[in-house]
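Undergrad: next one to model:
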Amino acid sequence: MTGSTREAQLLDTFVTLADTLVVGFDTIDLLQILVERCVVLFDATDAGIMLDNGAGELEVIASTSERSHLIGLLQLGAGEGPCVEAYSTGRAVSVSDVEQIADRWPTFAARSTESGYAAVDAVPLRLRDTALGSLNLFREAPGALNPDDASAVQALADVATISILQERAVRQTDVARDQLQRALDSRVIIEQAKGIVSYTRDVDMDDAFKLIRDYSRSNRRRLSDVAAAVVDRSIRL
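TA: Below you'll find the model as predicted:
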């Protein structure tokens, strides 16, 4: 990717995120767009996002593949890893080589290696003192983001956080929490729909999600609505 093309894609991503600063945007689709763009922009293998469910517990809300989704779940189950630390501290965490952090996060390091990931960069989704989760980039080759790219990833994460929290400026905190809860509930439905499509079409979970996403975009329907229709069998993909 040339420098000018990459710059154009980065600017387009900021515009896309800014377009969500309206009432009624689809949080799941916003975060899915963000992780997919980050993979392209920052030469990552996969990306994922964890969000606080409102009770101080993180959940995987968006990912570009099943293995990045599972690595996120692993960190939550083990209570360790760069993605969890980025959320809890509100600071970016960079692991340029997972083999070098076995003493710090043994479970995470072992499973990352098994999954083929050699490096991870995690940045917090935060606004001032409020942390919502973390945006995480996984790579199959060792290495870290350069300072300019690290700043760009954090800027994208900040805009996404503002998009999620913007209703707090005009409504009570409970409204924003309800919005996040709806997003988390939608993710459960999407996972169910992926399982159904994977089974009926005899494809893996990543391809099943792509079929659902493609249908959502081509028919201009919300991703969560399409997933619900797949689950209740009113749509057959």
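Undergrad: so who does S198 touch?
TA: S198 makes contact with 204-205, 207-208, according to CB atoms under 8 Å, 6 or more residues apart in numbering. No exception for glycine: its C-beta is placed from N, CA and C like everyone else's.
Undergrad: all helices of the chain, in order?
TA: 3-18, 27-41, 66-78, 82-89, 106-115, 147-165, 173-201, 205-218, 223-231 (DSSP state H).
Undergrad: ok, which of these comes nearest S96?
TA: Comparison of the helices of the chain against S96 by CB to CB identifies helix 82-89 as nearest, at 10.9 Å.
Undergrad: can I get the helices of the chain in a markdown table with distance to I49 and mean pLDDT?
TA: Listed next are those as a markdown table, based on distance: least, CB to CB, whole Å; pLDDT from 0 to 100:
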| stretch | distance to I49 | mean pLDDT |
| --- | --- | --- |
| helix 3-18 | 13 | 79 |
| helix 27-41 | 5 | 88 |
| helix 66-78 | 8 | 79 |
| helix 82-89 | 9 | 91 |
| helix 106-115 | 17 | 86 |
| helix 147-165 | 8 | 88 |
| helix 173-201 | 10 | 80 |
| helix 205-218 | 15 | 92 |
| helix 223-231 | 14 | 91 |
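Undergrad: reformat the ones you listed into TSV and put distance to L51 next to each item.
TA: Shown next, in TSV, are the helices of the chain (distance: least, CB to CB, whole Å):
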stretch	distance to L51
helix 3-18	16
helix 27-41	8
helix 66-78	11
helix 82-89	9
helix 106-115	19
helix 147-165	8
helix 173-201	6
helix 205-218	18
helix 223-231	15
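Undergrad: quick one: closest of these to L127.
TA: Judging the helices of the chain by CB to CB, what sits closest to L127 is helix 147-165, at 5.0 Å.
Undergrad: flag every buried residue along that closest one.
TA: 149-150, 152-154, 156-165 (16 or more other CB atoms under 10 Å).
Undergrad: can you name every helix or strand that that helix contacts?
TA: helix 3-18, helix 27-41, strand 119-127, strand 130-139, helix 173-201 (3 or more CB pairs under 8 Å, 6 or more residues apart in numbering; DSSP states H and E).
Undergrad: try 10 Å
TA: Helix 147-165 is packed against helix 3-18, helix 27-41, strand 46-52, strand 119-127, strand 130-139, helix 173-201, with contacts defined by 3 or more CB pairs under 10 Å, 6 or more residues apart in numbering; DSSP states H and E.
Undergrad: dump those to a markdown table, plus distance to G90.
TA: Converted to a markdown table, these look like this (distance: least, CB to CB, whole Å):
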| stretch | distance to G90 |
| --- | --- |
| helix 3-18 | 20 |
| helix 27-41 | 19 |
| strand 46-52 | 12 |
| strand 119-127 | 5 |
| strand 130-139 | 5 |
| helix 173-201 | 18 |
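Undergrad: on the pLDDT front, check the residue nearest to the spatial centre of the chain for me.
TA: Nearest residue to the geometric centre of the chain (CA atoms, centre = their mean): I49, 2.6 Å. We have a pLDDT of 92 for I49.
Undergrad: cool, and D43?
TA: 89.
Undergrad: that one: what's it in contact with?
TA: If you count contacts by CB atoms under 10 Å, 6 or more residues apart in numbering, D43 has them with 1, 6, 137, 139, 141, 143, 145, 149.
Undergrad: which of those residues tops the neighbour count?
TA: L137 (29 neighbours; other CB atoms under 10 Å).
Undergrad: these two touch, right, it and A122?
TA: Yes. At 7.7 Å, L137 counts as touching A122 under the criterion of CB atoms under 10 Å.
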